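Asks: how would this look folded up:
(2 chains)
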Amino acid sequence: MNEKNTGSPGESLDFIRTIIEEDNTSGKHDGRVHTRFPPEPNGYLHIGHAKSICLNFGIARQYNGLCNLRFDDTNPSREEIEYVDSIMEDVRWLGFDWEERLFYASDYFGQLYEYGVQLIKVGKAFVCDLSAEEIREYRGTLTEPGKESPFRDRSIEENLDLFEKMKAGEFEDGSKTLRAKIDMSSGNINMRDPVTYRIQRSTHHRTGDKWCIYPMYDFAHCCSDSLEGITHSICTLEFEDHRPLYDWYLEQLDIFRSRQIEFARLNLTYTIMSKRKLLQLVEEKHVTGWDDPLMPTISGLRRRGYTPESIRAFADIIGVAKRDSIVSIDLLNHGLREDLNKRAPRVMAVLRPLKVVIENYPENQAEEVEAIINPEDPSAGTRKLPFSREIYIENTDFMEDPPRKFFRLAPGREVRLKHAYFITCKSVVKDEKTGEVIELRCTYDPETGGGEAPDGRKVKGTLHWVSASHALDATVRLYEHLFIVENPADAEEGKDFMDYINPDALETLTGCKVEPGLAKTIPLDHFQFLRHGYFCTDSDSTEGSLIFNRTVGLRDSWAKMQKKKNN
RNA sequence: UGGGGCGUCGUCAAGUGGCAAGACACAGGACUUUGGCUCCUGCAUCGGAGGUUCGAAUCCUCCCGCCCCAGCCA
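Replies: Numbering: from 1, shown residues only, chains lettered A, B, ... in the order given. So this is what the prediction gives:
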């Protein structure tokens, strides 16, 4: 990999790397660069997290630094071990390694408690008896200052005693909090004596029932960063308002000063990124699960056939900045095609079969033709394809009454069967009742073996095909965008993102015919189905029951032309 | 009405006072045993208005627009 993750080196620096290089030249941390990726284990990772992962691990790699994986598990009521496992799997799959630096905020609960005590001792925190509603009332509003809690001036001794009793479980859930003593009139609401510790009796996935008080994010996060010696703590824009508090805690505690830097989170066209909304899609069964190939989750993208390389390349190409934006999914798909074009074996797959009988080809004869596996990678070699009298071609490759510029098969037309022969359509067999074309009668030119005519004549079209008796049956799932509008999160009045779900996001094709070499494919194998697109063997696929997911289609200028004509 | 941010091509995004990178998309064209790939070509005066300057996307002023914040969530 290059300087960043995969992208081209020598480009201009983004604002975060600019800060890092400034710190490096000023000697702020003796050139040390240490980042972290801090997910809360309450859901599956999505492509937005991938941006953050690539940023944090990528920066560490680029500057010879380190990046920790740290689970931000300070709220046991919503966090689960299942998510911890999936997150680790996803980060690894993306190609990053936290080595021995796997941490949990819960590792620091003991230290964090001591920090709480320390805050009380310097007169910067107090135990407050206000209820949640009262705290809200006392907080004031966006435009009006808040009121100080009547418990704000308790003595240090009393606070110490009460905090210890909170920890010991002497008070009910929610009956008391530890609050930082800052400024109830601050324009920044985060600074209005924020809650630092709350009482919450729920079993933590790692510490069990050892604690009944848990630190709030703002307190736990900056302290965890500090404890780990994180130099640059990169997070998303909505935490910008929290930075003064982040700095305040570290200053009061007089511990290592990590620096929080905020960037704009990723938005992608035709999908959604919020964990809450993704969860809703799963729970309401609009998708089959977190790893549905329609989902923008890492596990969904993986199952769909996206490669870690393409995701990393995407992260590089979109850059990092502070402005809200919505990136075109085309950018992701472009990188994917670029990656797969170089690596995916080409394969014959007829999705909507139309039988072709080659009348002048001997019955009961078969031969093998040689086919290159990947023209972009000669080292991939060749394979043998069986050819015989009866084959299948793509239904859409034939038209009885073709429009101008249709280069494929039509009555009387000659086309090339890729790697095999030229064939000419002699007649059409139709279903007597429906009039539907059910079979083509063709002849082949035995002189055109390999797809080249010795007399030098040219054909405009080249079709993919599969020998009828040798082909394997397969199920193919064609995926489209999950939503029908670019930005479903930005719904018009009276609607929400659910109103924009694409009812045709998945089209399942059965009875597809694929070349016999696919018999042994295993989940996550990538292929290019010639002239169709890139496909990936689904995790439910077995040798007897092949299932492929369309990762992304090939660019299709013919389809584009048709579409333009119809508009 | 308070606080914090952001506004450069259709979409991302460089640029930090000297003649507006790049990518995707789009449009033409070449090549082609994938209507794929590849290769050429084209494609913005920088939210607005004033001002400073020989010169401004870059500095100043005012205005406009968008995003975030009132969880004992993260």
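Asks: alpha carbons only for contacts and neighbour counts from here, please
Replies: Fine.
Asks: residues in contact with A:Asp23?
Replies: The neighbours of A:Asp23, taking Cα atoms under 8 Å, 6 or more residues apart in numbering as the test, are A:His29, A:Gly31.
Asks: now it: how far from RNA strand B?
Replies: Spatial separation of A:Asp23 from RNA strand B under the definition Cα to the nearest atom of the strand, to the nearest Å is 15 Å.
Asks: give me the element that residue is part of.
Replies: Secondary structure here is read from DSSP states H and E; on that basis A:Asp23 sits in helix A:15-26.
Asks: list the buried residues of that helix.
Replies: With burial defined by 16 or more other Cα atoms under 10 Å, the residues of helix A:15-26 counted as buried are A:Ile16, A:Arg17, A:Ile20, A:Glu21, A:Asp23, A:Asn24.
Asks: now those in TSV, with distance to A:Phe483 and pLDDT?
Replies: As requested, the buried residues of helix A:15-26 are exported to TSV (distance: Cα to Cα, whole Å; pLDDT from 0 to 100):
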residue	distance to A:Phe483	pLDDT
A:Ile16	33	98
A:Arg17	35	97
A:Ile20	38	97
A:Glu21	41	95
A:Asp23	43	96
A:Asn24	44	95
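Asks: show me where the stretch 101-250 of chain A has strands.
Replies: Taking DSSP state E, counting those that start in this stretch, the strands of the stretch 101-250 of chain A run over residues A:102-104, A:125-128, A:177-180, A:195-199, A:213-215, A:232-236.
Asks: of all the ones you listed, which lies closest to RNA strand B?
Replies: When those are compared by Cα to the nearest atom of the strand, strand A:195-199 sits nearest RNA strand B, at 4.6 Å.
Asks: got the contact list for the residue in the stretch 451-567 of chain A that RNA strand B sits nearest to?
Replies: Closest residue of the stretch 451-567 of chain A to RNA strand B, Cα to the nearest atom of the strand: A:Gly451 (3.0 Å). With contact set as Cα under 8 Å, 6+ apart, A:Gly451 has these partners: A:Arg416, A:Leu417, A:Lys418, A:His419, A:Ala420, A:Tyr421, A:Phe422.
Asks: within range of RNA strand B, give me the residues from the stretch 301-450 of chain A.
Replies: By the rule Cα under 7 Å from any atom of the strand, the part of the stretch 301-450 of chain A lying against RNA strand B is A:317-328, A:330-331, A:334, A:338, A:341, A:346, A:374-376, A:405-408, A:417-420, A:449-450.
Asks: and with 6 Å instead?
Replies: For the stretch 301-450 of chain A, the residues in contact with RNA strand B (Cα under 6 Å from any atom of the strand) are A:318-328, A:330-331, A:334, A:374-376, A:405-408, A:418-419, A:450.
Asks: count the neighbours of A:Ala453 for me.
Replies: A:Ala453 is surrounded by 17 other residues when neighbours are defined as other Cα atoms under 10 Å.
Asks: likewise A:Ala264?
Replies: A:Ala264: 15 surrounding residues under other Cα under 10 Å.
Asks: using the three-state scheme, assign A:Ala489.
Replies: At A:Ala489, secondary structure determined by DSSP: H, G, I helix; E, B strand; the rest coil is coil.
Asks: shouldn't it be in contact with A:Tyr270?
Replies: No - taking Cα atoms under 8 Å as the contact criterion, A:Ala489 and A:Tyr270 are not neighbours in contact, 9.4 Å apart.
Asks: can you list residues touching both of those two?
Replies: Taking Cα under 8 Å, 6+ apart as the contact definition, A:Ala489 and A:Tyr270 share no neighbouring residue.
Asks: if I look at A:Cys54, how far off is A:Ile47?
Replies: In this structure, A:Cys54 lies at 10 Å from A:Ile47, with Cα to Cα, to the nearest Å as the measure.
Asks: how about A:Leu385?
Replies: According to Cα to Cα, A:Leu385 stands 39 Å off from A:Ile47.
Asks: report the buried members of the residues of the stretch 301-450 of chain A next to RNA strand B.
Replies: When those are checked for burial by 16+ other Cα under 10 Å, the buried set is A:Val320, A:His334, A:Asn374, A:Phe407, A:Arg408, A:Lys418, A:His419, A:Gly450.
Asks: any buried residues in stretch A:125-137, and which?
Replies: By 16+ other Cα under 10 Å, the buried positions in stretch A:125-137 come out as A:Ala125, A:Phe126, A:Val127, A:Cys128, A:Asp129, A:Leu130, A:Ile135.
Asks: next: stretch A:242-255.
Replies: Buried, per 16+ other Cα under 10 Å, within stretch A:242-255: A:His242, A:Arg243, A:Leu245, A:Tyr246, A:Trp248, A:Tyr249, A:Leu250.
Asks: give me the subset of these that also touch RNA strand B.
Replies: The residues of these that also fall near RNA strand B, by Cα under 6 Å from any atom of the strand, amount to none at all.
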